[in-house]
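Asks: The amino acid sequence is not available; the structure is as follows:
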């Protein structure tokens, strides 16, 4: 009986650990953001890449800030995020090789239908934020050092408003991902800044609707970077570069363009001609 | 290693024997109370020795000291000239008042102490032990579902399994009916007949009369007397023993000066 | 938002449809947590048994430490394991981060103190009962420990199931060290976190219901075990 228990334990342990260790298909790890994953874009384009190259792309979707830190630790082969200044700093510090523009989408400010700050329909983000602050209308912020959070803070700065002082009053910092923040905003009838892709695919809109859109200040650029193999020897340079080349090449760009929800295009490819040519 | 004192330099019955057991100046105290007090005793390896005395006299403590389950505060215990160490204790076995049985079947309780034997020899020995204890029918029953008498017989069978030179029994039938008590006493006699020294603690006069070859009478942590059983029951030398035999209830206050 | 009725319907239809995706997620959850619990038992049961048997200075402190670690916050464990398994960490060369192995390691660390502490508690009582017998038989420490573990097997399975309950339900550790990668390290709890962040509350809740069902099954198993143990007087 006791021998049997031992045998079963060993067998179960072997089974549990086996697939963890067995040789895998070629794969790369991409540190990316929740917006690319939650919007469904990656689910749309990655199978196309896998079909062409046989390379599996494993996506770790976290906030841009955390994604960059993970990549700086060497925990990934490719970084796909949206915070250009932070990306450039990452490269300057030797974390990555080169940054390529991939695509953009835009941010929108969403808010409750009752619109307490009277900003609905505005095309001026800074002016709308000033009104929100003046009305002390609730605003839910990511507060998680993500790309969207960084973009939001820049907008407040441009509007000349110190949100730190209002934190806990009308300014609510959730410290969470985009979806969780939208859930919070929907729950308490707050305004929030979100990328359009997450917004369109978000299922729990409740009373929220788009209040402000179309301001060039709300432009949201995504970049892709190969993690520096000189700093981290294990980086899969060949496969990682293959992914980047595909993404900024004709096929990847077309794949991004073809992703729609309810007839709306969510991301707009804008890789440079140089990138397109190289890959093409 | 302790050297036996001069006066104990007796002729030992054999280099390997645990006897005589020589105890001198043995004491055990707990929180300032002398529970076993300056006990000296010599026992041979053949008889059935009954340690008799009222409740709380220190009988069970004395037995635990002799078996090494407790460390004495003072005094020496020599088994055949050897101090009480693991090798000596390995040749002894003990049966407790409340049978401590493993949460396993009857036969697994025996198998537990027979691990050193090859499988066929072990199974044969288990069969034999269970038969002697009249437990053949309940071989595969969970031990703790057995009756009180069966449990104690199983505990005795387990103690016997390793063929000990000494078997200690601490009030083995304290809570059992006459029939169960009889069965246990039969078992004890059978084990003694195989050459095992019996040291039995009881406060049951009847059991003492039935089993004892010699009686050690203990009261208030001290040995009041040690006599052959026939002599003891005829004529007690100590007031405490006399009072106990006569069933006087004021024994605790007897002047022991 | 969907009402609770439709959430329940969705949950049931998801389970009954035999959705391959869902079942692979449930399968990975079970594989990771069961393996972690098995490892935690291999470490925690002997550790708890040794602590219940051994007499040494500082034993009380070790027991108190174990009790405190019973409630280790999963995020903290996740972060610590991340720092160790990260490519920049001491064990980075093995490339274990973002694999099921990393999740197993994190959950093992999370659950071992719980199992060890519960084992220590129940085996200490058992040892109190067996102590004189064991010493009379002159058992070695190893023999004592293995006998205690075997005789305490029913209460110890309860400890193991408690550990499993903690492992299967935690999200904080596995999401950090596993990365919630689809088809690789995505388990039930991280899926719930993801679907919630997508605002997909119905699907998240459906998965939650499946998790609760699993917890119910586990608890039923515990009760059945205890009943058997009582019937055989092995408890």
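Replies: Thanks, I have it. On a predicted model such as this, the values are computed, not experimentally measured, just so you know.
Asks: secondary structure class for residue B:215?
Replies: strand (DSSP: H, G, I helix; E, B strand; the rest coil).
Asks: What is the neighbour count of residue B:163?
Replies: Residue B:163 has 12 neighbours, counted by other C-beta atoms under 10 Å in any protein chain shown. Bear in mind the C-beta positions are built from the backbone N, C-alpha and C, glycine included.
Asks: what about it, which helix or strand?
Replies: Counting by DSSP states H and E, there is no helix or strand that carries residue B:163.
Asks: now for whatever helix or strand residue C:123 lives in, which elements pack on it?
Replies: Here residue C:123 sits within helix C:100-137, counting by DSSP H and E. Applying 3 or more C-beta pairs under 8 Å, 6 or more residues apart in numbering or on different chains; DSSP states H and E, one finds that helix C:100-137 makes contact with helix A:2-21, strand B:92-95, helix C:20-53, helix C:59-69, helix C:74-85, helix C:141-151, helix C:153-169, helix C:172-178.
Asks: what separates it from the chain centre, distance-wise?
Replies: Taking C-alpha atoms, centre = their mean, to the nearest Å, one finds helix C:100-137 lying 13 Å from the centre of the chain it belongs to.
Asks: Please identify the buried residues of that helix?
Replies: By 16 or more other C-beta atoms under 10 Å in any protein chain shown, the buried positions in helix C:100-137 come out as C:100-124, C:126-127, C:130, C:132-137.
Asks: just to revisit the earlier point, need the winner for burial among the helices and strands packed on helix C:100-137.
Replies: Mean neighbours per residue, mean count of other C-beta atoms under 10 Å in any protein chain shown, is largest over the helices and strands packed on helix C:100-137 for helix C:172-178, with a mean of 27.
Asks: Are it and chain A in contact anywhere?
Replies: No. Using C-beta under 8 Å from any C-beta of the partner chain, we find that helix C:172-178 stays clear of chain A, coming within 8.9 Å at best.
Asks: which residues make contact with that helix from outside it?
Replies: C:32, C:73-79, C:81-82, C:85, C:97-100, C:102-103, C:105-107, C:110, C:180, C:184-187, C:189-190, C:193 (C-beta atoms under 8 Å, 6 or more residues apart in numbering or on different chains).
Asks: What residues sit buried inside the next helix or strand after that helix?
Replies: The first helix or strand that comes after helix C:172-178 along the chain, using DSSP H and E, is helix C:188-197. Neighbour counts over helix C:188-197 (16+ other C-beta under 10 Å) mark C:188, C:189, C:190, C:191, C:192, C:193, C:194, C:195, C:196, C:197 as buried.
Asks: try stretch A:74-90
Replies: Buried, per 16+ other C-beta under 10 Å, within stretch A:74-90: A:74-84, A:86-87, A:90.
Asks: quick check, nearest of these to residue A:263?
Replies: Closest approach to residue A:263 among these (C-beta to C-beta): residue A:82, at 23.9 Å.
Asks: List the residues that contact the closest one.
Replies: Contacts of residue A:82 (C-beta under 8 Å, 6+ apart): A:33, A:35, A:64, A:147, A:148, A:151, A:195, A:220, A:221, A:222, A:223.
Asks: Restricted to strands, list those.
Replies: Among the contacts of residue A:82, the members found in strands (DSSP state E) are A:33, A:195, A:220, A:221, A:222, A:223.
Asks: Just the buried residues from these, in ChimeraX please.
Replies: In ChimeraX, a selection of the buried entries from these looks like this (16+ other C-beta under 10 Å):
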select /A:33,195,220,221,222,223
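Asks: Between the ones in strands among the contacts of residue A:82, which sits nearest residue A:100?
Replies: Nearest to residue A:100 among the ones in strands among the contacts of residue A:82 is residue A:223, at 6.4 Å by C-beta to C-beta.
Asks: what separates the residue of chain C at minimum distance from chain B from residue B:144, distance-wise?
Replies: Residue of chain C nearest chain B, by C-beta to the nearest C-beta: residue C:233 (3.7 Å). Distance, residue C:233 to residue B:144, by C-beta to C-beta, to the nearest Å: 4 Å.
Asks: shared neighbours, the two?
Replies: Contacts common to residue C:233 and residue B:144, judged by C-beta under 8 Å, 6+ apart, are residue B:103.
Asks: Which one's more surrounded, those two?
Replies: Between residue C:233 and residue B:144, counting by other C-beta under 10 Å, residue B:144 is the more crowded of the two (18 against 14).
Asks: In contact with the more buried one, which residues?
Replies: Counting by C-beta under 8 Å, 6+ apart, residue B:144 touches B:101, B:103, B:151, C:233, C:234.
Asks: OK, contacts around the second one?
Replies: This means residue B:103. So residue B:103 contacts B:142, B:143, B:144, C:151, C:152, C:232, C:233, C:234, C:235 (C-beta under 8 Å, 6+ apart).
Asks: Identify, from those residues, the entry nearest to residue C:162.
Replies: Residue C:162 has its nearest neighbour among these in residue C:152, at 14.3 Å by C-beta to C-beta.
Asks: Surely the closest one and residue C:124 touch.
Replies: No. In this structure residue C:152 lies outside contact range of residue C:124 using C-beta atoms under 8 Å: 10.0 Å.
Asks: Return the distance of stretch A:156-169 from the chain's centre.
Replies: Using C-alpha atoms, centre = their mean, the offset of stretch A:156-169 from its chain centre is 24 Å.
Asks: The helix or strand residue A:58 falls within near chain C at all?
Replies: Assigned by DSSP H and E, residue A:58 belongs to strand A:56-62. Yes. Applying C-beta under 8 Å from any C-beta, one finds strand A:56-62 touching chain C at A:58, A:59, A:60, A:61.
Asks: Now do the contacts for the residue of chain C most remote from its centre.
Replies: Relative to the centre of chain C, and counting by C-alpha atoms, centre = their mean, the farthest-placed residue is residue C:136 at 36.8 Å. Contacts for residue C:136 were tallied using C-beta under 8 Å, 6+ apart; they are B:67, B:69, B:89, B:92, B:93, B:94.
Asks: Check the residue nearest the centre of chain A and give its pLDDT.
Replies: Centroid-nearest residue in chain A, with C-alpha atoms, centre = their mean: residue A:33, separated by 2.6 Å. For residue A:33, the pLDDT comes out at 90.
Asks: if we can go back for a sec, any chance of TSV for the residues of strand A:56-62 next to chain C, columns pLDDT, distance to residue A:156 and neighbour count?
Replies: Below are these laid out as TSV (pLDDT from 0 to 100; distance: C-beta to C-beta, whole Å; neighbours: other C-beta atoms under 10 Å in any protein chain shown):
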residue	pLDDT	distance to residue A:156	neighbour count
A:58	95	35	20
A:59	95	30	25
A:60	95	29	26
A:61	93	26	24
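Asks: Can you show me the helices along chain A?
Replies: With helices called from DSSP state H, chain A shows them at A:2-21, A:34-38, A:41-53, A:64-72, A:84-92, A:125-135, A:147-159, A:163-166, A:178-188, A:196-201, A:237-248, A:250-257, A:273-279.
Asks: And those: which comes nearest residue C:55?
Replies: Residue C:55 lies closest to helix A:2-21 among these, at 26.7 Å (C-beta to C-beta).
Asks: mean confidence for that closest one?
Replies: On average, helix A:2-21 scores 67.
Asks: and what of stretch C:191-208?
Replies: Mean predicted lDDT for stretch C:191-208 stands at 85.
Asks: go on, stretch C:25-33?
Replies: 93.
Asks: Adjacent strands (with direction) for the host helix or strand of residue B:24?
Replies: According to DSSP H and E, residue B:24 maps onto strand B:21-30. Sheet pairing of strand B:21-30 (DSSP bridges) gives strand B:33-43 (antiparallel), strand B:74-79 (antiparallel).
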